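**Student:** Sequence and predicted structure, then a few things I'm wondering about:
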Amino acid sequence: MSPHVAKFIRTYPTFRPSVIQNLFIVLGAIIQAKTVNLYELRDEVGKLLEKCKTKSDSHYRRLTRFFTLNSDSLLWACILEYALSLVGRTTNQCYLDATEWSIGKFKLHCLVLAVDYQCVAIPVYFKLYQHKGVLSQQERIAFMESANRFCQLTDSVIIADREFIGDDWFVHFYTASLDFIVRLRKGQYKHQLVGNRHYETLEKRARKKGKASALIVIDGFRFRLWIVKNANRTDKEPLIYILTTILGKRDTPDLYRLRWKIETLFKHLKTNGYNLEDLRLTELSKIRLLVSLVVLAYIIAILMALDARKTRPVSKNYYKDGTSFDRISMFKEGQSLLKQSFITVWQLLEIIQYINIKASVPIPNWRLNVQ
């Protein structure tokens with residue numbers, strides 16, 4: 001057995017060696033098939049194990065047994081912790097958003113917290129809900145409390161869109177010593193401006209100068225309201241309204257523009273990458289385990305691309321306004337390189353070692369106290 005697997009087993013001795021081996025088999029199958037549909041993944045298992053003569057139904061039973069036996073354990077948290085150990089924390093800039101889709105009549109809502117790593121949104125924590133639409137403030141607060149215990153978010157800045165609003169929600173960030181930058185709807189907190197500031201005057205100044213701000217008070221706590229001219233001229237909304245706990249920095253609202261990175265993350269995890277919408281499981285615990293493996297696959301692909309770009313910079317497209325974009329995304333490049341680099345699960349583990357990925361340290365007990 002690969003030394004890499006042995007390290008993983010010694011780190012998490014509560015799991016049998018066969019569980020850890022099957023974990024990497026499922027991981028390799030997801031990378032090769034670019035899907036999470038177990039019926040399609042079964043065809044990859046034989047190649048990964050070099051057992052092509054074994055019937056595909058046997059491989060399918062192996063996959064379903066892995067999720068049945070391990071979905072109620074903390075294996076998902078161990079996988080997520082292991083994934084996070086590969087990248088560490090190089091920034092405190094985070095993005096919060098949700099994505100949802102249907103599995104027949106089953107409505108799945110996935111709330112994700114991502115960190116900005118090498119200019120790419122990397123998922124660091126998630127929670128699944130059988131729910132459609134916006135979550136309540138209490139559900140979001142509970143999510144942030146769990147994420148804070150798991151990821152140690154102290155001094156982080158959480159950037160989110162306008163469905164993440166509410167007085168209790170905003171005040172929670174003060175009590176948790178966290179900062180946020182959240183987009184508001186027009187007119188919100190119009191009558192809570194501090195001093196003699198007028199909402200319409202701020203809008204007029206924003207149209208003329210590009211941005212304007214004022215303080216507001218919610219439940220005795222001070223926040224800064226920014227009104228910013230929308231740089232996207234095709235957008236139907238000429239002004240963007242932003243609320244933040246950061247009171248003094250003038251460039252704070254500019255960070256909101258980076259929120260699109262988590263939308264790109266969702267695109268890669270869903271339609272453009274591992275096709276999460278191919279999911280056919282309807283038990284949240286099983287889905288949670290599967291999503292944690294997708295997160296691990298995504299992070300390895302990003303690291304694969306970063307390693308390749310050290311010696312072979314990616315081509316770029318340049319535009320008249322001076323901006324430039326990679327011709328191929330970090331994820332698509334890494335996923336392509338990763339998929340071509342292994343056939344067996346043992347080769348996959350050798351690749352992980354080659355790009356200098358080390359097994360994680362044991363999980364502290366407080367990190368396992370998640371829901």
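**Tutor:** Nice, I can see it.

**Student:** Which helix or which strand is home to the most centrally placed residue in the chain?
**Tutor:** Centroid-nearest residue in the chain: Pro123, 2.4 Å away (criterion: Cα atoms, centre = their mean). Assigned by DSSP states H and E, Pro123 falls within strand 120-129.

**Student:** what lines up beside that strand in the sheet?
**Tutor:** Strand 120-129 pairs in its sheet with strand 106-117 (antiparallel), by DSSP bridges.

**Student:** quick one, longest helix in this protein?
**Tutor:** helix 284-309 (DSSP state H).

**Student:** partners of the very next helix or strand once past that one, with directions?
**Tutor:** The C-terminal neighbour of helix 284-309 among helices and strands, as given by DSSP H and E, is strand 316-318. When pairing is defined by DSSP bridges, strand 316-318 lines up against strand 324-326 (antiparallel).

**Student:** The next helix or strand after the partner strand relative to strand 106-117, how many degrees between them?
**Tutor:** Downstream of strand 324-326, the next assigned helix or strand under DSSP H and E is helix 330-340. Here helix 330-340 points in a direction 100 degrees away from that of strand 106-117 (axes from the mean of the first three to the mean of the last three Cα atoms, to 10 degrees).

**Student:** returning to that earlier point: now the longest helix of the chain: how far from the chain's centre is it?
**Tutor:** The chain centroid and the centroid of helix 284-309 are separated by 10 Å under Cα atoms, centre = their mean, to the nearest Å.

**Student:** and that helix with helix 330-340, angle?
**Tutor:** For helix 284-309 and helix 330-340, the angle between their directions (the same axes, to 10 degrees) works out to 90 degrees.

**Student:** Need the residues that contact the strand holding Pro123.
**Tutor:** The contact list for strand 120-129 (Cβ atoms under 8 Å, 6 or more residues apart in numbering) reads 80, 84, 87, 94-95, 108-116, 135, 139, 143, 146-147, 150-151, 261-262, 264-265, 269, 284, 287-288, 291, 295, 298-299, 302, 330-331, 371. Heads up, the C-betas are built off the backbone N, CA and C, glycines and all.

**Student:** And the residues you listed, which of them are buried?
**Tutor:** Buried residues within the contacts of strand 120-129, counting neighbours by 16 or more other Cβ atoms under 10 Å: 80, 84, 87, 94-95, 108-116, 135, 143, 146-147, 150-151, 261-262, 265, 269, 287-288, 291, 295, 298-299, 302, 330-331.

**Student:** need the strands for the protein, in chain order.
**Tutor:** With DSSP state E as the criterion, the chain has strands at 93-103, 106-117, 120-129, 157-160, 179-184, 211-218, 221-229, 239-244, 316-318, 324-326.

**Student:** Reformat these as a markdown table; add mean pLDDT.
**Tutor:** Converted to a markdown table, the strands of the chain look like this (pLDDT from 0 to 100):
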| stretch | mean pLDDT |
| --- | --- |
| strand 93-103 | 95 |
| strand 106-117 | 95 |
| strand 120-129 | 95 |
| strand 157-160 | 96 |
| strand 179-184 | 96 |
| strand 211-218 | 95 |
| strand 221-229 | 95 |
| strand 239-244 | 96 |
| strand 316-318 | 76 |
| strand 324-326 | 72 |
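
**Student:** In JSON lines: those strands, plus distance to Arg197.
**Tutor:** Formatted as JSON lines, these follow (distance: least, Cβ to Cβ, whole Å):
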{"stretch": "strand 93-103", "distance to Arg197": "28"}
{"stretch": "strand 106-117", "distance to Arg197": "32"}
{"stretch": "strand 120-129", "distance to Arg197": "35"}
{"stretch": "strand 157-160", "distance to Arg197": "25"}
{"stretch": "strand 179-184", "distance to Arg197": "16"}
{"stretch": "strand 211-218", "distance to Arg197": "4"}
{"stretch": "strand 221-229", "distance to Arg197": "9"}
{"stretch": "strand 239-244", "distance to Arg197": "14"}
{"stretch": "strand 316-318", "distance to Arg197": "42"}
{"stretch": "strand 324-326", "distance to Arg197": "39"}
